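**Q** Sharing a model that was predicted from the sequence below.
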Amino acid sequence: MTRWIFLGFLLIVGILLVSLSRLQVKNDDVPYFLRYDSLAANSNPIIEVKIESVYPPNEQQIEKLKEDYAAIWAHLNQVYQYPNPKPSKERFTERFYMNLADNFENGISGSIQRLDLTHNLIIKTWSRDGLSCNLIDDPAELEYRFPDGTIQTHASKIAVSLLFQGDNWRLDAIRFIEEKN
């Protein structure tokens, strides 16, 4: 008799496990590090670096910073033209992204294109562990293309704070200090 009760219990547990396995949601998203970022791949501004930090980065860290900084600006330019921040989520810290998302309004995309041409980075602070960087981009040359075909180039002085999260640098804060035509 106890054998039948035990077999019944095993049957119920088996049915329960099979039904739970069918309820499991499969996530087919490609991991971040395997995604191809076409915006970053097509961005190639000229970037010069000057170091004024007490703890200087090594050559590999500078190259990674240049590569990720160009990608961040490619995504910032994309958000400037098409105000949806979701495709650029991996290039911003969570706090910065949440500020963008909170201010996002669904609407018509802008017709003004912005391109970044050159950046002259002055690294003011580089953390000892290499996970935080504050810099001044002076001058950053930005080109604005208007629908009527006119092009304006602005030289800007920009303060930027970056954090190294995951496998790349992410934008944590940005402030345009000065902008000249």
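**A** Happy to help now that I have it.

**Q** Remind me what the worst-scoring helix or strand of the chain on mean pLDDT packs against, helices and strands.
**A** Every helix and strand of the chain was ranked by mean pLDDT, DSSP states H and E. The lowest is helix 38-41, at a mean of 81. With contacts defined as 3 or more CB pairs under 8 Å, 6 or more residues apart in numbering; DSSP states H and E, helix 38-41 has these neighbours: helix 59-81. Yep, even glycine has a C-beta here, placed from its N, CA and C like the rest.

**Q** Give me the helices and strands touching the helix it packs on, please.
**A** Counting by 3+ CB pairs under 8 Å, 6+ apart, helix 59-81 packs on helix 38-41, strand 46-51, strand 113-126, strand 151-165, strand 168-180.

**Q** Kindly export the first one (C-alpha atoms) in CSV.
**A** The C-alpha atoms that make up helix 38-41 are tabulated as CSV, following Å, rounded to 0.1, in the frame of the first residue of the first chain:
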residue,chain,number,x,y,z
SER,A,38,26.5,50.1,-36.2
LEU,A,39,26.4,53.6,-34.8
ALA,A,40,29.7,53.2,-33.0
ALA,A,41,31.3,51.4,-36.0
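
**Q** just how off-centre is it within its chain?
**A** Chain-centre distance of helix 38-41: 12 Å, with CA atoms, centre = their mean, to the nearest Å.

**Q** And for the fourth one?
**A** With CA atoms, centre = their mean as the basis, strand 151-165 stands 14 Å off its chain's centre.
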